[in-house]
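> the following block contains a protein sequence and its predicted model.
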Amino acid sequence: MNQVLLIIDAQEALIEGENGQTPVYQKEQLITTINILIEQAEKNDIDVIFVRDLDVGGGSGDGFQVHHLIKVPEKSSKKMFNKLATNAFYETGLLNYLKERNIQHLIIAGCQTEYCIDTAVRYATVNGFDVTLIKDGHSTIDSTVLPAEKIIAHHNQTLHGHYNVDHFSVVRGSHEAVFIPPHNEYRKEWAVEQEQLK
């Protein structure tokens, strides 16, 4: 199966906090997890794609760059896209890039959980991709309604098993074999459930 590791908005200013904001929840764990995923991807010859938000760090300088502790691959397996919208696919060329390479499975990590991560997962399934969201590989900050820990837990529960008929998202920990997707099993279960409803 053709797959890529998609890391969204793992940028210096967002992770560390800018303009008086606090850093994202458990930033050290997030960085460690992303580095583990990158290492696994490189070992398996899986491309790593980074998406950067132009609203972060003013769209330039150190704050805009991928966090300095994240081990960005130096070889040609690395690709960068910049975005203006919450949706990593909107006017970035990412969707065409994936389709042209017949990518079928996205492993997603990064920031922020309830915004760009949630949108990417849902949009990807609509557009013909299976998704694995890394349970311990996305983060956010407290909102006025919920603490970051609860936001992350809510999305891990909500997005596990999320489907758009033919394509599914599953939530798995970074310690699991995330580059061996179990989506066909979910498709079989879904088909059985649909048959029983007839």
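That came through fine.

> CA atoms for contacts and neighbours, from now on please.
Fine.

> gap between the most centrally placed residue in the chain and residue 158?
The residue lying closest to the centre of the chain (Cα atoms, centre = their mean) is residue 108, at 2.5 Å. Noted for residue 108: a distance of 15 Å to residue 158, by Cα to Cα, to the nearest Å.

> do a quick rundown of the helices in this structure.
12-16, 27-43, 61-64, 94-100, 118-126, 148-159, 183-197 (DSSP state H).

> which residues touch residue 117?
By Cα atoms under 8 Å, 6 or more residues apart in numbering, the contact set of residue 117 is 8, 108-111, 138.

> which other residues reach the longest strand that the chain contains?
Counting residues, the longest strand found in the chain (DSSP state E) is strand 130-139. Residues outside strand 130-139 that contact it (Cα under 8 Å, 6+ apart): 24-27, 29-30, 33-34, 104-113, 117, 121, 124-125, 148, 152, 156, 167-174, 178, 181, 183.

> tell me the strands beside it, with direction?
If you go by DSSP bridges, strand 130-139 pairs up with strand 105-111 (parallel), strand 167-172 (parallel).

> and residue 50, which of the helices of the chain is closest to it?
Nearest to residue 50, of all the helices of the chain, is helix 94-100, at 10.0 Å by Cα to Cα.

> would you put the C-alpha positions of the closest one in CSV?
Extracted in CSV, the C-alpha atoms of helix 94-100 (Å, rounded to 0.1, in the frame of the first residue of the first chain):
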residue,chain,number,x,y,z
LEU,A,94,-1.3,18.4,-1.5
LEU,A,95,-4.3,16.5,-2.8
ASN,A,96,-2.9,16.4,-6.4
TYR,A,97,0.5,15.4,-5.1
LEU,A,98,-1.0,12.4,-3.2
LYS,A,99,-3.3,11.4,-6.1
GLU,A,100,-0.5,11.6,-8.6
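
> quick one: list the elements packing against that helix.
Here helix 94-100 touches no other helix or strand, going by 3 or more Cα pairs under 8 Å, 6 or more residues apart in numbering; DSSP states H and E.

> check which residues of that helix are buried.
The neighbour-count check on helix 94-100 (16 or more other Cα atoms under 10 Å) flags 94, 98 as buried.

> how about residues contacting it?
With contacts defined as Cα under 8 Å, 6+ apart, helix 94-100 is touched by 81, 88-89.
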